[in-house]
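> 3D model of this:
(one chain, ligands or ions: 1)
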Amino acid sequence: MTHNDSARCKSKAGISFSKKSISIILLGIIIVATGIFDLVYHGVVTTRPIAVPAFIFAREITHGDTSKKQVIFTFDGGSGLQSGKKILEVLANHHVKGTFFLTGKFVEKNADFVREIVSGGHEIFNHTYDHLHLPTLTDGEIVAELDKMDRIFTRIVSSTSRSMSASVADATAVSVSSKPFFRAPYGDRDERVADIAFKAGYHGVYWTVDARDWEESTGITAANVTHRIVSSLAPGDIYLMHIGDNITGEILDDVFTTIEKRGYKLVSLTQGI
Ligand SMILES: [Zn+2]
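Residues are numbered from 1 along each chain as shown. I've put the predicted structure just below:
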């Protein structure tokens, strides 16, 4: 009886110990995996952020020409215009051609601003119509998301050339399509998405460094974002920033000045790849 009890206790203790061990091991795996994901996906390192791709597909661009001391700034637009005017002002003052990935909804809502981007000689590419998670859509829906943005962009730019100044018309003459580049909303894509987009005429463009300006609501400050950009500076970097937050407009002039002082050129996507 005692022996049995003792055996049972031992057995219970054994089971409970092994459950605890498994829990600790699982927790360890989760912590390590989360750390790796954060490191790979968000580039959270102090020296040289690791590029976006936890997964890299053929035909996908994640950095520019690394043999040249130059970097590419890209600005995504899907919602607000918070930093819009300031971005264009800073690009003009620094004689830099910027690169914009815009949703069709953004283009519809901010047609005049889009015309200003075009008349400034900047580049606009496809960020889909409705900023959805592309891997959750069917093949046809993915193509429709890209096509719809492209049609709206072309229509708005074309109407510009009839009604706006000659300089705008000149600029639009060379930029009537959002092809041949697109950026998947949230950077969320898989091999199927990449293939479908490629067949529809688009190369995926991602980023080398996520400036995390979009996290301003979670406490990320202008100083954090500036530090992140400047400390990661390396030839060929593609920076991800956004039109719809306040930090970008606030820091862009200083960031550009610092980068230029370090001997780097700021170039557009097509100039820099
Ligand atoms: Zn976006």
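
> From F198, how far off is N93?
37 Å (Cβ to Cβ, to the nearest Å). C-betas here are computed from N, CA, C, even on glycine.

> Please apply the same query to R228.
31 Å.

> With neighbour numbers in mind, choose between the two.
R228 (20 against 17; other Cβ atoms under 10 Å).

> which stretch of helix or strand covers that one?
Element membership of R228 [criterion: DSSP states H and E] is helix 222-231.

> Same check on G201?
G201 belongs to no helix or strand, assigned by DSSP H and E.

> Does it touch P180 like I think?
Yes: judged on Cβ atoms under 8 Å, G201 makes contact with P180 at a distance of 5.9 Å.

> what about those two, which has more around it?
More crowded of G201 and P180, by other Cβ under 10 Å: G201, with 17 against 13.

> list the contacts for the residue nearest to that one when sequence neighbours are not counted?
Distances taken as Cβ to Cβ, 6 or more residues apart in numbering place K179 nearest to G201, at 4.8 Å, with adjacent residues excluded. Residues near K179 by Cβ atoms under 8 Å, 6 or more residues apart in numbering: F125, N126, D150, G201, Y202.

> change it to 7 Å
D150, G201, Y202 (Cβ atoms under 7 Å, 6 or more residues apart in numbering).

> next one: L266
V71, F73, H94, V96, F256, I259.

> Taking the centroid of the chain, which residue is nearest it?
Residue closest to the mean C-alpha point of the chain, counted by Cα atoms, centre = their mean, is L240 at 4.6 Å.

> contacting residues for whichever residue of the stretch 151-273 of the chain sits closest to the ion?
Nearest residue of the stretch 151-273 of the chain to the ion: P185, at 4.8 Å (Cβ to the ion). The contact partners of P185, by Cβ under 7 Å, 6+ apart, come to H127, T128, H131, L132, H133, L134.

> any idea how far it is from R192?
As for P185, its distance to R192 is 16 Å (criterion: Cβ to Cβ).

> With S178 instead?
Taking Cβ to Cβ as the measure, S178 falls 21 Å from R192.

> Who has more neighbours out of the two?
S178 (29 against 15).

> Wait, the more buried one touches E123, no?
No: the pair S178 / E123 is not scored as a contact, 9.7 Å apart, by Cβ atoms under 7 Å.

> Widest-spaced pair of the contacts of P185?
Using Cβ to Cβ, the contacts of P185 span at most 13.1 Å, a distance reached by H127 and H133.

> Between these two, tell me which one has more neighbours.
Neighbour tally, H127 and H133, criterion other Cβ under 10 Å: the higher count belongs to H127, 28 against 12.

> Give the full set of residues in contact with V230.
V255, T258.

> cutoff 8 Å now
V255, T258, I259.

> Which helix or strand contains the residue lying closest to I273 once chain neighbours are set aside?
Distances taken as Cβ to Cβ, 6+ apart place G64 nearest to I273, at 5.0 Å, with adjacent residues excluded. Here G64 is covered by no helix or strand, with elements defined by DSSP H and E.

> And the strands in this protein?
Under the criterion DSSP state E, strands of the chain are mapped to 70-77, 99-102, 123-126, 181-182, 203-204, 209-210, 238-242, 265-267.

> ok, and does the first one reach over to the ion?
Yes: remark: strand 70-77 sits within contact range of the ion at D76, by Cβ under 5 Å from the ion.

> Tell me which strands that strand pairs with, and in which orientation.
strand 99-102 (parallel), strand 238-242 (parallel), strand 265-267 (parallel) (DSSP bridges).

> just checking, I72 touches L240?
No: between I72 and L240 there is no contact under Cβ under 8 Å: 10.1 Å.

> for the chain, what are the low-confidence residue spans?
Scanning the chain for pLDDT under 70 picks out 1-58, 160-175.

> Could you list the domains of it?
Domain segmentation of the chain under automatic domain parsing yields 1-42, 70-272.

> Go through these and pick out the most buried.
domain 70-272 (a mean of 19; mean count of other Cβ atoms under 10 Å).
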